[in-house]
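> structural data only, the sequence is not supplied:
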């Protein structure tokens, strides 16, 4: 029931009308720091409680699919949860028993290995390495003895008449034999704490599995999502992806430990079961896990075998098995990464180890994966995905603009090469470069770009266009491009973009009619913006790759004072390119009218790029512009020109001017009806994301 708060309004003190400018940044900075420090302190001092809860949460992701499978067999939830938890408890108890038995057996056999170790040490002393070490040690010993002899000569001998020291009295103390209660406490004390932790884990696990939906709803409520339906689907999808990832990782590590145990048994290393379990657990540890899992078996093999054959065989086993699983099997099962950046994996391992010790090291990667997936689906926790996720922090468009703004042409070229491995050149120009130029045009309109920055941006764009002049406008996927496709999809790029021909049935460059192949057959006219010249040059390059003669014309060449002296040459069509950012582009309307008077038989298309522009969608405003066609992408402009060329080349085509005009209109309208084939937008559907 809603509560009436009208009577409480007067109790709330009014907010001050103005806040000091110096106080806002301090408050904004202090609040997250205080909250973060409080969370870390709570996790540190409450680790005895939070460690079992964290283990239970991770186990719930593993057991979730098993419980769902049992539920599909029409078992009640409590029965399905009980079977899954009881089976897990039995497996843990069996493993703990095996580890205890193996450790006891190893402790009994340690004295037997002393003779083998002493023999190997003696053998090392007789080897050239041992002799060199003894030689260095003798030199150091001689230097030390020489120093001691000099000190002894300076010390006087004690007098002969010194009285002898009294002999010490030996006192022997005996402990009282422990009673039954003390004996039981001594035996059980080492296992009481692990048993208590295990009990808490399974009690929390039981409640999590019984109330999964209720806990999910409460998390959604805490997240404060405005779109309940979308958030619910996203959280369910994230839970499914995490369950699949953890279950596959657990199964893979168990198989790895099984293979290690069998291999060590065949080699002859004692206690292979212990080392198999240890290797499976160490694979959860990032980076150092593979090394740690091999150290103890190698040391034991060196202690058991009088020679070096067992040590070499054990080393070969780990050197072959670990790269095979890490580089081939894991990518085949659940992708090339966990969704975390390498830096995040390292930092999370250090952080959780400092916070919770060795258990934190084992849980570091799974816990960080959960936080990143949560940040990917909850708006308020998005900073977790930005900090620790492996997806680029900037979209391809923002990445491109940042690089040209920083005057870094080499990085711009590398970014283009990555996308062009899968996407066509026209797609890259349309979805990355033109949108990046829109950002530059907006910044210029706001007055935040200096004259030097504008010059640098134009120079970087000119260099990029020149570098891509030899690049074909098509996409030919390479045989080894699968990792690149994964990187592109994470960057918001559709890996299947730009593969179909621009215009089905368009003539090849060699079949273009001679009038359209002349230089200047299509005029690419730039607007008056500082990046419009680069946009016109891009359009000219795309048309030239299809065998069409082009000519780039600046806005100043068609000004009112110079239009009379302008030589259009063999122009059959004019394409105006402008990145307007505010207001009605009246200068484009005047430019169209001047072109119509100067080139009456040429078709004119206007390409106007602006995110909030309504002119391309409003037919009345399009009519006031006076152009024959309105396009909103380079692809649409190229399609219109190629369609006009194709119809003009047809022997049954009507009069050329009308055909060209209709083809341009058809090309512009056809793109709007076609499905988008481009980079994905900044905010993809959360249901499509998750751990790869």
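In hand now; what should we look at? As the structure is a computational prediction, the values presented were derived from the model and not from experiment.
> every contact and neighbour count from this point should use C-alpha atoms.
Noted.
> strands along the stretch 351-500 of the chain, start to end?
With DSSP state E, counting those that start in this stretch, there are no strands along the stretch 351-500 of the chain.
> the stretch 501-650 of the chain too?
Using DSSP E, counting those that start in this stretch, the strands of the stretch 501-650 of the chain run over 522-526, 550-553, 573-578, 603-608, 629-631.
> make a markdown table from the ones you listed and add mean neighbour count and mean pLDDT to it.
Converted to a markdown table, the strands of the stretch 501-650 of the chain look like this (neighbours: other Cα atoms under 10 Å; pLDDT from 0 to 100):
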| stretch | mean neighbour count | mean pLDDT |
| --- | --- | --- |
| strand 522-526 | 28 | 90 |
| strand 550-553 | 22 | 90 |
| strand 573-578 | 28 | 88 |
| strand 603-608 | 25 | 81 |
| strand 629-631 | 27 | 81 |
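> save those strands as JSON lines, and put in distance to residue 452 too.
Converted to JSON lines, the strands of the stretch 501-650 of the chain look like this (distance: least, Cα to Cα, whole Å):
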{"stretch": "strand 522-526", "distance to residue 452": "21"}
{"stretch": "strand 550-553", "distance to residue 452": "24"}
{"stretch": "strand 573-578", "distance to residue 452": "22"}
{"stretch": "strand 603-608", "distance to residue 452": "26"}
{"stretch": "strand 629-631", "distance to residue 452": "32"}
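> residue 332 is nearest to which of those?
Among the strands of the stretch 501-650 of the chain, strand 629-631 comes nearest to residue 332, with 43.8 Å by Cα to Cα.
> and the closest one, which strands flank it?
Next to strand 629-631 in the sheet, as set by DSSP bridges, lie strand 603-608 (parallel).
> so for the longest helix seen in the chain, mean pLDDT?
Using DSSP state H to define each element, the chain has its longest helix at helix 228-267. Averaged over helix 228-267, pLDDT sits at 82.
> so which elements touch the next helix-or-strand element following it?
The helix or strand immediately downstream of helix 228-267 is helix 272-282, counting by DSSP states H and E. Packing partners of helix 272-282 (3 or more Cα pairs under 8 Å, 6 or more residues apart in numbering; DSSP states H and E): helix 77-109, helix 228-267, helix 289-304.
> and those helices: which comes nearest residue 415?
Going by Cα to Cα, the one of those nearest residue 415 is helix 228-267, 30.0 Å.
> give me the domain ranges for this structure.
Following automatic domain parsing, the chain resolves into domains at 24-125+191-210, 227-388, 396-490, 509-673.
> pick out the shakiest of the ones you listed, pLDDT-wise.
Ranked by mean pLDDT, the domains of the chain end with domain 509-673 at the bottom, a mean of 75.
> follow-up on the earlier one: now the domains of the chain as TSV including distance to residue 218?
As requested, those are exported to TSV (distance: least, Cα to Cα, whole Å):
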stretch	distance to residue 218
domain 24-125+191-210	13
domain 227-388	11
domain 396-490	30
domain 509-673	38
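> so for residue 170, which of those domains sits nearest?
domain 24-125+191-210 (32.1 Å).
> how about stretch 295-312: buried residues?
297, 298, 300, 301, 302, 303, 304, 305, 306, 310, 311 (16 or more other Cα atoms under 10 Å).
> now the residues you listed in TSV, with distance to residue 89?
Formatted as TSV, those follow (distance: Cα to Cα, whole Å):
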residue	distance to residue 89
297	28
298	32
300	31
301	33
302	36
303	35
304	35
305	38
306	41
310	36
311	36
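> for these, which one is nearest residue 460?
residue 298 (56.6 Å).
> quick check: chain neighbours aside, which residue is closest to the closest one?
residue 311 (5.7 Å; Cα to Cα, 6 or more residues apart in numbering).
> OK, contacts around the one you found?
Applying Cα atoms under 8 Å, 6 or more residues apart in numbering, we find residue 311 in contact with 298, 299, 301, 302, 305.
> what of residue 52?
The contact partners of residue 52, taken as Cα under 8 Å, 6+ apart, are 197, 198, 200, 201, 204.
> I'd like those residues as CSV, with distance to residue 560, neighbour count and secondary structure appended.
Shown next, in CSV, are the contacts of residue 52 (distance: Cα to Cα, whole Å; neighbours: other Cα atoms under 10 Å; DSSP: H, G, I helix; E, B strand; the rest coil):
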residue, distance to residue 560, neighbour count, secondary structure
197, 85, 16, helix
198, 85, 17, helix
200, 84, 18, helix
201, 81, 21, helix
204, 80, 18, helix
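> from these, pick the one nearest residue 382.
Residue 382 has its nearest neighbour among the contacts of residue 52 in residue 204, at 27.6 Å by Cα to Cα.
> you'd agree the closest one is up against residue 54?
No - counting by Cα atoms under 8 Å, residue 204 stays clear of residue 54, with 9.6 Å between them.
> what is in contact with the two at once?
The contact sets of residue 204 and residue 54 do not overlap (Cα under 8 Å, 6+ apart).
> nearest to residue 597, of the helices and strands packed on helix 272-282?
helix 228-267 (54.9 Å).
> for the longest helix of the chain, packing partners?
helix 47-72, helix 212-223, helix 272-282, helix 309-324, helix 330-334, helix 358-377.
> turn the ones you listed into JSON lines, including distance to residue 556.
Output for the helices and strands packed on helix 228-267, formatted as JSON lines (distance: least, Cα to Cα, whole Å):
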{"stretch": "helix 47-72", "distance to residue 556": "65"}
{"stretch": "helix 212-223", "distance to residue 556": "55"}
{"stretch": "helix 272-282", "distance to residue 556": "69"}
{"stretch": "helix 309-324", "distance to residue 556": "63"}
{"stretch": "helix 330-334", "distance to residue 556": "56"}
{"stretch": "helix 358-377", "distance to residue 556": "49"}
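> out of those helices, which gets nearest to residue 545?
Nearest of those (Cα to Cα): helix 330-334, 39.1 Å.
> so which elements touch that closest one?
Helix 330-334 packs on helix 228-267, going by 3+ Cα pairs under 8 Å, 6+ apart.
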